[in-house]
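In: Test case, fold it:
(one chain, ligands or ions: 2)
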Amino acid sequence: MSALLETRGLGKKFRGLTANADIDFAIAPRSIHCVIGPNGAGKTTFLSMVSGHLPPSEGRIFYQGRDITRLSTVRRARAGIARKFQTPSVFPGLSTRTNIELAALRGAGSKRERARRIDEVLETIGLAALQETPANHLSHGQRQWLEIGMLIAMQAQVLLLDEPAAGMTAGETEATTDLLQSLVDTHGVSIIVIEHNMDFIKRLSAQITVLHLGQVIAEGSFDEIAANPQVADVYLGNHA
Ligand SMILES: Nc1ncnc2c1ncn2[C@@H]1O[C@H](COP(=O)(O)OP(=O)(O)O)[C@@H](O)[C@H]1O
Ligand SMILES: [Mg+2]
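Out: Ligands and ions are numbered 1, 2, ... in the order given. A predicted model of the protein is given here:
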């Protein structure tokens, strides 16, 4: 298997603070990869380097075999790497459908192909019945799905999600794991997802990377991670 996206020796220093150090990471095509770790572990910093919002202090990032370490955020997005931020970026007064339409304009294809893609996305994110509803009338969870739908509408190949289930109800959280899996199955995307919620991570059955103090301390399936004593230490706060 060759990786779709890969980092080698990726590191980030903020003045004296090492936020990420020597991160070797790889995500396969058509897969979900979770990044977990306690607060301040360096998860968001890692995602920001992959999306191009932060320049690495060291190391390299490869996408489809190409070195993208110095590529701008805009060019990365055009190449298919798209990030959803924790703060919403939908147009609140516009309808759900219009939000998806605007995102679709950033993708390729004829008008007809785009219209088909818009319908498909609304169906996938479970908001077809609410397509005329203004985005600010959607529930918190529905707005998150709308944003994920916008990434699909703009034909992203790699979705970067920073705590997509934060603030969601248990039901919404469950629906979100199903949504992510269906995006992989039906749209063939890959997803790097940072998440705190252990139920979410368990349901996904994805590959997991654990960060602690900016470094990778474990990698594996949920069961492997759950059985790892060092991971338990970090989560129970038994470290110095
Ligand atoms: N822009 C920044 N300037 C200085 N320090 C930062 C900046 N962003 C993050 N940090 C620090 O880097 C470390 C990792 O932060 P972050 O990547 O946000 O962790 P996480 O997302 O895992 O909670 C923290 O100690 C944080 O305070
Ligand atoms: Mg964070």
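In: Number of residues surrounding the nearest residue to Ser57 once chain neighbours are set aside?
Out: Closest residue to Ser57 apart from its sequence neighbours, by CB to CB, 6 or more residues apart in numbering: Lys13 at 4.6 Å. Heads up, the C-betas are built off the backbone N, CA and C, glycines and all. Residues near Lys13, counting by other CB atoms under 10 Å, number 14.
In: same deal with Arg116?
Out: Using other CB under 10 Å, Arg116 has 13 neighbouring residues.
In: Taking the protein, what residue is nearest to ligand 2?
Out: Here the residue of the chain nearest ligand 2 is Thr44; by CB to the ion that distance is 3.2 Å.
In: Get me the contact residues on the chain for ligand 2.
Out: Neighbours of ligand 2 within the chain, by CB under 5 Å from the ion: 43-44.
In: thinking again about what came up before, residue contacts, the residue of the chain closest to ligand 2?
Out: Neighbouring residues of Thr44 by CB atoms under 8 Å, 6 or more residues apart in numbering: 162, 194.
In: ok but it is inside a helix, no?
Out: Yes: the assignment for Thr44 by DSSP: H, G, I helix; E, B strand; the rest coil puts it in a helix.
In: which residues sit against stretch 129-147?
Out: Contacts of stretch 129-147 (CB under 8 Å, 6+ apart): 84, 88-97, 99-100, 122, 125-127, 164-165, 167-169, 172, 175-176, 179.
In: tell me the mean pLDDT for the longest helix seen in the chain?
Out: As assigned by DSSP state H, the longest helix anywhere in the chain is helix 170-187. Here helix 170-187 scores 94 as its mean pLDDT.
In: who does whatever helix or strand comes next after it pair up with?
Out: Counting by DSSP states H and E, the next helix or strand C-terminal to helix 170-187 is strand 190-194. Paired with strand 190-194 in the same sheet, following DSSP bridges, are strand 32-36 (parallel), strand 158-162 (parallel).
In: Looking at those, which is nearest to Ile208?
Out: For these, the distance to Ile208 is smallest for strand 32-36, at 4.6 Å, taking CB to CB.
In: is that closest one anywhere near ligand 1?
Out: No: taking CB under 6 Å from any ligand atom as the criterion, strand 32-36 and ligand 1 are apart, separated by no less than 8.4 Å.
In: Kindly report the same for stretch 165-174.
Out: No: for stretch 165-174 and ligand 1, the contact criterion (CB under 6 Å from any ligand atom) is not met; the two come no nearer than 11.7 Å.
In: Distance from that stretch to the middle of the chain?
Out: How far stretch 165-174 lies from its chain's middle: 16 Å, per CA atoms, centre = their mean, to the nearest Å.
In: Which residue comes closest to Ser2 once chain neighbours are left out?
Out: Closest to Ser2 by CB to CB, 6+ apart is Gly65, at 7.5 Å.
In: try Leu183
Out: Per CB to CB, 6+ apart, closest to Leu183 is Val189, 5.3 Å.
In: what's the spacing between that neighbour and Gln131?
Out: Applying CB to CB, to the nearest Å, the value for Val189 to Gln131 is 22 Å.
In: what ranges do the helices span in the protein?
Out: Using DSSP H, the helices of the chain run over residues 43-51, 73-79, 96-104, 111-124, 140-153, 170-187, 198-204, 222-226, 229-236.
In: Just give the number of residues close to the spatially closest residue to Ser95 that is not a sequence neighbour.
Out: Counting by CB to CB, 6+ apart, the nearest residue to Ser95 once its immediate chain neighbours are dropped is Glu132, at 5.2 Å. Neighbour count of Glu132, defined by other CB under 10 Å: 9.
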